[in-house]
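J.: fold the stuff below for me.
(chains A and B)
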Amino acid sequence: MADIRCLICNRMNDASSPRCWYCRSPLPGYKEPPAPDEPGEGEIPEPEPLAEISGRVEPTEESGESWEGEAPEWLARIRMLKEQDEQKTRETSGLDTEDSGLPEWIINLRAAEPPVMAEKTAEEALLEDSDAKATTPADTYADSRFEETGGRASGEFTGEPVEGETTSPAANKPFETAELRDGQPAHPIFEDDLPEWLSADAGMVETHSSQKDQTARPFISKEENKLADGVLPAWLKAIRPLDAVSPATPDALYSPGEEGEGILAGISGTLRSQRLEDREVKMPSRPHELVVTPMQQKNAELLYRLSNPDIEETSPVAITKKSRPQRKTLKIFAAVILFLAVLLPYGFRSLPVIIPVLFPKEVVDTLGVIEGIPAGKPVLIAAQFEGGLAGELTLSSEPVFQHLVSHGVPLALMSTNASGYAILEEQLRRASAGVSGYLFSERVVNLGYLPGGTIGLISLVGDIRAALPYSTALEPAWETTPIAGARTLADFAAILLLTDNPEIVRAWVEQTGRIEKPPILLGVVSAQAAPLAQPYYDSGQVQGLVAGSSGALAYQMIRQVPGKASTTFASYQFALFIAALLIFLGGVVSLVTTTGAAAHKKGRG
Amino acid sequence: MSFNTEVIWVVISFILTLVVFSFLLGDIPFFRFVSAVLIGMTAGYMTIVIIYQVLIARLAVPLLQGSRVALIPLLLSGMLLMKLSPRLSRLGNPSMALLVGVGAAVAVGGAVLGTLFGQVKGALVFVDLARAQKGPTSLLLLVEGIFFLLGTLATLFYFHFSARKVKGKEPQAHWSIRLLSSVGRVFIAITLGAVFAGVITAGLTALVERADFLLGTLLFWVR
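T.: Numbering: from 1, shown residues only, chains lettered A, B, ... in the order given. Next up is the predicted model:
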């Protein structure tokens, strides 16, 4: 449907509208739809006022007279003054009105307008429009004038206030504020009905229709024509269909010239396809929410605090500023107590010590296996432990080493980690220092470090000579006296494991179980590995086990040979008792305070 | 000379032990110094061990002796080193695949044959009636065996998470499974408690050993 430009405000209106959408002025060329009982469209005479304001029809003198005759006296006076003004303006301005093609009165209006106003940008006009919300002050003013003139607004309307009427500065502005200046065709439906965020992109749709008006408004630059970007919330930006699908600017969609290549080569004005690599695809966000129960949350917090003891408290049970020094004091207090518990038995030999009278079966079995080792048959001692637990393993292994040395068993040492390799030989040297007649260099060979972890064990089980060919002195190990006769792992009387990790026990059990006649497997393990190594002893896969200081003490007591385990046992037992007491008291205090706090909270609630 | 060296090491050990205990006062510079010394020495020591025990003993010496088999680990090691370069890292994939594949096969095979079968067999030993009838405490052994079997089964049932769908209700396991699962929970708690006790015991033993060393050193100097 064709649009009609309002002669008053110069905005585009729908052809079917009788009046301007904005200024309520009658539109030129409007034809009333044919009534059922009236003649056809062509036969309807144009209403007189409309014919007068129409740009196409020159108002006749008669029509002007008849119009003037109907006007009230005050309006006639205004018109007379207006005519005088126009006459003066025409004389002084000397504007060439013939080239414009616009009615003379509009040219006069423009001439009367201050030049600054004419240069106002479209942005300012838009701001003014937005200030005035749906209707501009000029529109309001036009409405009021239209009503005052009895609905007979004419083309001679100048915007001058009526006598006695106060005018706001905005109302004093000429009518060509918004649309005449920005030159945009009016699309009331797009601008008013669409939401604000979408109206910015509606320009894309309007671009094509507005192109034909570009020539009529050369003074509006593209920059001015741009609407200011709105600040949208992130979620709205994400779901904006036009942005998400086509981030390109509307102008960029059109090819300015002819297509140079492809199937559309030589065709101009084609829609430009978007390059896939430039397309910004926003993936739909699918937020996943982890639903946990309060108990699970609490457990997770506890676990996190256990694994990160130094972190600050973040739970609702917040610790006050005092708590950190308190905690430190408590830590030092517990340490001092433990130190005292360890050192006290050295000063007070009369402190009661509970000596075990029943010896663990696994310790007895270990002793029995070592006792039964045939003379000259070597034992392989394999170690893997961390340096931190070397002290405990030194205590635990001492009686077993002493037993082996005193029995004159040839020994081959090896390790599956570097620290074990370093410490093991030293431990054995110390253990054998008190045994006379045992030549360390002749009875012991250090095979060194076996790399590869479990895979290394496989190679050891398969071919021990190839797996550990040299001693730590880089001499052919299998030519040395202690293990000269051994060819496979089965040639060893036993394998003694020295470890702080039950996984190492498992690995050895699994790999040595592959051979047809596996050697006897014994273990000297740390107390922390004992509970998980015990099942392998119970199942018969490990034939003997000495666990921790208590195991070593039992071994020494059976052999009735004193050692470090027996001299430090009093300290060990007393410290263990104090540690258990501290844990128990801590638990009780924690229980009482927690229960008290809960009861207090409940009472408050 | 030997005496002097030993004394020096004892003094160094004594001081370092005391400084390690200074962690009670917080992460102070002394403790950080000792940590740095420990890490540096470990790294240096590891390097020496690997050079002497691995590279020389297992690669260089066989190569110098004319072993062609030693070329295979040399080639695979060289390819593994390519992992350092982003451009050539793909060349290291065969070595990595060999390591992972062999490691997985060894672990799975060992676990099935060594641990699974071995532990099942070990659990059956406790309910071996022939073994129980031999001794005077046969009834006690039988009770012990049943207790072990119950503990094993209950622990296994604790890790049974399947549940039956009931219309209009939340899915729930059978009551017998839930009962066994609860019993298994008790056994697991006891096991974890034993492990925790073991960790404390190991720590205390290490403390006792260090205290014994400090006291012995002090007494030696006093005398």
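J.: which secondary structure element of chain B has the lowest mean pLDDT?
T.: Within chain B, no helix or strand scores below helix B:129-134, which has a mean of 63 by mean pLDDT, DSSP states H and E.
J.: okay, now the unreliable bits of the chain?
T.: Just going to use chain A. Within chain A, the stretches with pLDDT under 70 are A:1-2, A:30-71, A:92-267, A:269-291, A:309-323, A:605.
J.: not what I meant, chain B
T.: B:1-3, B:129-137.
J.: residue in it nearest to chain A?
T.: residue B:122 (2.3 Å; CB to the nearest CB). (Each C-beta comes from the backbone N, C-alpha and C, glycine too.)
J.: packing partners of the longest helix seen in chain B?
T.: As assigned by DSSP state H, the longest helix anywhere in chain B is helix B:175-222. In terms of contacts (3 or more CB pairs under 8 Å, 6 or more residues apart in numbering or on different chains; DSSP states H and E), helix B:175-222 is packed against helix A:323-347, helix A:390-406, helix A:530-538, helix A:548-559, helix A:564-567, helix A:569-604, helix B:2-21, helix B:138-158.
J.: wait, which of these is closest to residue B:168?
T.: helix B:138-158 (26.4 Å; CB to CB).
J.: distance of the closest residue to residue A:346 other than its chain neighbours relative to residue A:339?
T.: Counting by CB to CB, 6 or more residues apart in numbering or on different chains, the nearest residue to residue A:346 once its immediate chain neighbours are dropped is residue B:215, at 6.1 Å. Remark: distance between residue B:215 and residue A:339 (CB to CB, to the nearest Å) = 11 Å.
J.: likewise for residue A:76?
T.: 116 Å.
J.: domain ranges for chain B?
T.: Domains of chain B are assigned by automatic domain parsing as B:1-67, B:126-223.
J.: now mean neighbour count and distance to residue B:105 too, for these, in CSV please.
T.: Below are the domains of chain B laid out as CSV (neighbours: other CB atoms under 10 Å in any protein chain shown; distance: least, CB to CB, whole Å):
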stretch, mean neighbour count, distance to residue B:105
domain B:1-67, 13, 22
domain B:126-223, 14, 25
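J.: got a markdown table for these, with distance to residue A:587 too?
T.: Below are the domains of chain B laid out as a markdown table (distance: least, CB to CB, whole Å):
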| stretch | distance to residue A:587 |
| --- | --- |
| domain B:1-67 | 22 |
| domain B:126-223 | 13 |
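J.: closest one to residue A:296 among these?
T.: Comparing the domains of chain B by CB to CB, domain B:126-223 comes nearest, at 15.3 Å.
J.: any residues of the stretch 251-400 of chain A in contact with chain B? List them.
T.: Counting by CB under 8 Å from any CB of the partner chain, the stretch 251-400 of chain A comes close to chain B at A:328, A:331-332, A:335, A:338-339, A:342-343, A:346, A:387-389, A:391-392, A:394-396.
J.: show me where the stretch 401-550 of chain A has its helices.
T.: A:418-433, A:440-443, A:453-462, A:464-467, A:502-512, A:530-538, A:548-559 (DSSP state H, counting those that start in this stretch).
J.: the ones you listed: which one's closest to residue A:598?
T.: helix A:530-538 (33.9 Å).
J.: for whatever residue of the stretch 401-550 of chain A ends up closest to chain B, what are its contacts?
T.: The stretch 401-550 of chain A approaches chain B most closely through residue A:539 (2.3 Å), counting by CB to the nearest CB. Contacts for residue A:539 (CB atoms under 8 Å, 6 or more residues apart in numbering or on different chains) come out as B:118, B:119, B:121, B:122, B:123, B:125.
J.: grab the nearest non-local neighbour of the second one.
T.: In space, and not counting its chain neighbours, residue B:119 is closest to residue A:539: 5.8 Å by CB to CB, 6+ apart.
J.: how close does the one you found sit to residue A:516?
T.: In terms of CB to CB, residue A:539 sits 19 Å off from residue A:516.
J.: residue A:359 is in what secondary structure piece?
T.: Assigned by DSSP states H and E, residue A:359 falls within no helix or strand.
J.: surely residue A:523 and residue A:497 touch.
T.: Yes. Between residue A:523 and residue A:497 there is a contact at 4.6 Å, judged by CB atoms under 8 Å.
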